[in-house]
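Colleague: Need a 3D model of the sequence below.
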Amino acid sequence: MTNLRVRLVSRLSNHIVIKDFLPKQQAEELTDYIKNTEEWVNVYRVQNQAPLSNFKNNFTGIVAKRNFESNVVDAVCSGNFVYKQKRLKKQKLSASVIQNVINTLNSQDLIEYLKTLTDLDYAIEVADNYFASIFDRGDFLSVHEDGDYALAFILNLSKDWRYEYGGCLTIFDEGSAKMILPEFNSLVILKLKQEGIKHFVTQVSTFAPDVRVALGGWYVPVNNS
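Modeller: Take a look at the predicted model:
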């Protein structure tokens, strides 16, 4: 594949892991940019169809977030789709280092490679709602399915991460669960069915020495109309 160096680690029935996806320096620059950006918003979802609850990363937002925490516990116990994390939407990701990665994800070489690995028989492209995320201690993403997309992608940017730190993507496959370590510079691709595939991110441990960083999004069918 032209200008694309990837090393396939695993190819299972519903997901693919590609190790060393970006050149090392590019991955490190991307990680530094995401971690040092100041426009993070603390994002909570506690009800399936309700608007997200957003708290700015300042004193007022921190106090409001702390007061909101009991809603998270109630939502989890009620079986709702729940998450808490810091998030930067595409509109805040204007640096060229971000665009270079999106261009790689949208490159014809990679797309043809992914289509071969996932047996897709139609054109795809990165959806316009990609985002960067930081999972701090206590953050998590509960079980959900991500329907209405062709593929999901997660580019992991956490250095020296270990299973005991939490923050592991866990995917259900025919009744069993597969836990994936968010290894630095690994690209995880989820092969979504029409109804999606159940998956979640385990809670980041209070003992984690750093935050879990990732760039995530989805591939959708190309609209030729």
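
Colleague: Can you tell me the element Leu22 falls in?
Modeller: Leu22 is located outside every helix and strand, with elements delineated by DSSP states H and E.

Colleague: so what's the residue lying closest to it once chain neighbours are set aside up against?
Modeller: Residue nearest to Leu22 in three dimensions, not counting chain neighbours: Asn185, with 5.8 Å by C-beta to C-beta, 6 or more residues apart in numbering. Where C-beta positions appear, they are placed from N, C-alpha and C, glycine not excepted. By C-beta atoms under 8 Å, 6 or more residues apart in numbering, the contact set of Asn185 is 19-22, 24, 27, 155-157.

Colleague: could you redo the last one with a cut-off of 10 Å?
Modeller: Residues in contact with Asn185 (C-beta atoms under 10 Å, 6 or more residues apart in numbering) are 18-24, 26-28, 30-31, 155-159.

Colleague: what does Glu164 give?
Modeller: By C-beta under 10 Å, 6+ apart, the contact set of Glu164 is 205, 207-208.

Colleague: Now do the helices in the chain.
Modeller: 24-36, 59-77, 96-105, 108-118 (DSSP state H).

Colleague: any idea which strand is longest in the protein?
Modeller: In the chain, assigned by DSSP state E, the strand with the most residues is strand 212-221.

Colleague: Quickly run through the sheet partners of that strand, with directions.
Modeller: Strand 212-221 pairs in its sheet with strand 124-126 (antiparallel), strand 131-135 (antiparallel), strand 151-156 (antiparallel), by DSSP bridges.

Colleague: Phe135: which of the helices of the chain is closest?
Modeller: helix 24-36 (12.2 Å; C-beta to C-beta).

Colleague: Gln108 and Ala123, how far apart?
Modeller: For Gln108, the distance to Ala123 (C-beta to C-beta, to the nearest Å) stands at 10 Å.

Colleague: Of those two, which one has the most company?
Modeller: Neighbour comparison, Gln108 and Ala123: the larger count goes to Ala123, with 15 against 11 (by other C-beta atoms under 10 Å).
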